[in-house]
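Q: Below are the sequence and a predicted model for it; my questions follow.
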Amino acid sequence: MIDTVRTVETPEGVELHVRPAGPVARALALLVDQAIVWSGLLLALAGLAWLGQVGFGIWVILLFFAQWLYPVFFEVLGSGRTLGKRLLKLRVLRADGVPVDWGTSLLRNLLRFVDGLPFGYTVGLVSVLLTRDFQRVGDLVAGTVVVHDPEPHRARPLPEVPSLAPPLGLSVEEQACLLAFGERSTGLTAARAQELGDLLGGITGARGEAGVQILQGMARHIRGLR
Amino acid sequence: MKQDHFEAEHAALWQQLEGWLRGEPTLAPEEVPAAFRRLCHHLALAKERRYGVPLNDRLQALALELHQRLYGEGEGGLGFWAYVARDFPRAVRAEWKLVLLSAVLLFGSWAAAFLLIRRNPDLIHLVLTPAQAAEYARMYDPAARAAREMSGPMRDVQMFGHYIWNNIGIDFQVFASGLCFGVGPVFSLLFNGVQGGAVMGHLTNLGHISTFYGFVSGHSSFELIGLAIAGAGGLRLGLGLIHPGRHRRLEALKDAGRRGARLLMGAALLTFIAAGFEGFWSANEVVPWKAKVAVGLTFWVMLLIYFAMAGRKGDAR
């Protein structure tokens, strides 16, 4: 199975799932960050210009911080999120599933220098494409992974039909499938819903409108509506 | 147990935990770990008993957030002083072989270039173009010095910024380029050593003693030791890649990264101090140059004592 879920086992003995983010989302976050940093730097340059040499000195210090340490500060103080990552709902986590600390963040961000070689993040892109968890070289060395923030589960309304217990022993995936059908069935044409419902005729023991209703009832049961 | 029964029985606890995450005083701090362990138990049960997807998702998200909150709290502001007073010198001592190698590369090539150019002044043209050589000679010419605006508070701030951006940037690059199989730091250390030694030899030959030594001595200890330590961090990184030893290569690299970063943070700090001295002290013409050299030498001795002695107390090694 090609799946991008990575499991983190906690000391309490349960497995938590995080979803590593791919190259496109990360590149967009990077672009946003760069845009923010450079517009900030240009504004600062305009503001500091009238201070002459002193202003220029301060600006170069800002340049240093923007170049090397901007991501470190924001990742550590923002629970793993720079501004760009915040916008794209990404987060940097350590291998044990917690947001990065100072040492880890510094390491992964200084190694941007290597990921940037020879130009335009070529090394980083190749590394992201070759590793299972989309890690660039800095991530590999620091042991970090950039993940999507889990989306809060937004339950969509289910059609009002009598709730019905599904057969025993359905796997979590099968339950999710039934639930998804229940949620989407109201948006489908009746003919299409019945066509799909008929595929599960073996379970519902009914065809057509009746079969769809039984599946919707099972979805309500899975959602916990009795 | 039926799912609705299970939910009814434990929903109160989950709501308390969700409230606590939002910052509500639903649980006392000391109650949270136990509540979290019970939540983990519930999550395992919900998975094992194949309760519905929404319940699983809710418990899963709650457990992840609590896990990050409970285990993610780093050490506070005390970490910095502990690092300066204890962890940094310890890290340098722990990596003494690589620090020594890095120092030999930097100072060895420095001394070699210096001595060669003292013996044969024309060799400077192997290192510098005639224009560069002339520029260095002009910059440190004691006769022309008073005429030029070399110092002053305005210029000091500008140079301070430049030194921070340039010199700490070099430290970071030397470190990161270690990942290119360690070639980066070796090259940078030799390059900087030869360059520095050659310029020093050239200016000594020309007799610009007071200006050159007066300028560089104050910050030389911080800057050069900082560079050597950053180089050692880079070498550690390269070594993790080409010589993983008994570990898997990736694990060796992670370990090398952690150890290298501990060196690098201190190196950057030293270079930052150097930039301060270089910007605000080195260029001043109030203090006689011999006094500035004496101060510079004192810094060398103090730094070496710091690395030899600091953090020994309670040292496991």
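A: Done, it's in.
Q: Confidence-wise, which helix or strand of chain B is lowest on average?
A: helix B:142-145 (a mean of 69; mean pLDDT, DSSP states H and E).
Q: Check chain A too.
A: Per-SSE averages on chain A (mean pLDDT, DSSP H and E): minimum helix A:201-204, a mean of 78.
Q: And the helix or strand just after that one, what does it pack against?
A: The helix or strand immediately downstream of helix A:201-204 is helix A:208-223, counting by DSSP states H and E. Other helices and strands packing on helix A:208-223, by 3 or more Cβ pairs under 8 Å, 6 or more residues apart in numbering or on different chains; DSSP states H and E, are helix A:172-185, helix A:190-199, helix A:201-204. Where you see a C-beta, it was placed from the backbone N, CA and C, and this is true even at glycine.
Q: Of those, which shows the lowest average pLDDT?
A: Of all the helices and strands packed on helix A:208-223, the minimum mean pLDDT falls on helix A:201-204 (a mean of 78).
Q: sorry, back to before: now the least confident helix or strand of chain A: buried residues?
A: A:203-204 (16 or more other Cβ atoms under 10 Å in any protein chain shown).
Q: what separates it from the chain centre, distance-wise?
A: 36 Å (Cα atoms, centre = their mean, to the nearest Å).
Q: CA-only coordinates of whichever strand or helix holds B:Ala44 in PDB, if you can.
A: Using DSSP H and E, B:Ala44 sits in helix B:32-48. Provided in PDB are the C-alpha atoms of helix B:32-48 (Å, rounded to 0.1, in the frame of the first residue of the first chain):
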ATOM      1  CA  VAL B  32      -3.100  15.400  33.700                       C
ATOM      2  CA  PRO B  33      -0.600  12.600  33.300                       C
ATOM      3  CA  ALA B  34      -2.900  10.000  34.900                       C
ATOM      4  CA  ALA B  35      -5.800  11.200  32.800                       C
ATOM      5  CA  PHE B  36      -3.700  11.000  29.700                       C
ATOM      6  CA  ARG B  37      -2.700   7.400  30.400                       C
ATOM      7  CA  ARG B  38      -6.400   6.600  30.900                       C
ATOM      8  CA  LEU B  39      -7.200   8.300  27.600                       C
ATOM      9  CA  CYS B  40      -4.500   6.200  25.900                       C
ATOM     10  CA  HIS B  41      -6.100   3.100  27.400                       C
ATOM     11  CA  HIS B  42      -9.400   4.200  26.000                       C
ATOM     12  CA  LEU B  43      -7.900   4.700  22.500                       C
ATOM     13  CA  ALA B  44      -6.400   1.300  22.500                       C
ATOM     14  CA  LEU B  45      -9.700  -0.200  23.600                       C
ATOM     15  CA  ALA B  46     -11.600   1.700  20.900                       C
ATOM     16  CA  LYS B  47      -9.300   0.400  18.300                       C
ATOM     17  CA  GLU B  48      -9.300  -3.100  19.500                       C
END
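Q: next SSE after that helix?
A: By DSSP H and E, the next helix or strand past helix B:32-48 is helix B:53-72.
Q: Next, count neighbours for B:Val301.
A: Number of residues near B:Val301 (other Cβ atoms under 10 Å in any protein chain shown) recorded here: 10.
Q: Make JSON lines out of the helices and strands packed on helix A:208-223 and add distance to A:Val60.
A: As requested, the helices and strands packed on helix A:208-223 are exported to JSON lines (distance: least, Cβ to Cβ, whole Å):
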{"stretch": "helix A:172-185", "distance to A:Val60": "55"}
{"stretch": "helix A:190-199", "distance to A:Val60": "64"}
{"stretch": "helix A:201-204", "distance to A:Val60": "70"}
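Q: Between the ones you listed, which one is closest to chain B.
A: Smallest distance to chain B across the helices and strands packed on helix A:208-223 (Cβ to the nearest Cβ): 4.8 Å, for helix A:172-185.
Q: can you pull the buried residues of that closest one?
A: Here helix A:172-185 shows A:175-179, A:181-183, A:185 as buried, counting by 16+ other Cβ under 10 Å.
Q: which residues sit in contact with B:Val53?
A: A:172, A:175-176, A:179, A:222 (Cβ atoms under 8 Å, 6 or more residues apart in numbering or on different chains).
Q: Which residue ranges make up each domain of chain A?
A: A:6-148, A:172-223 (automatic domain parsing).
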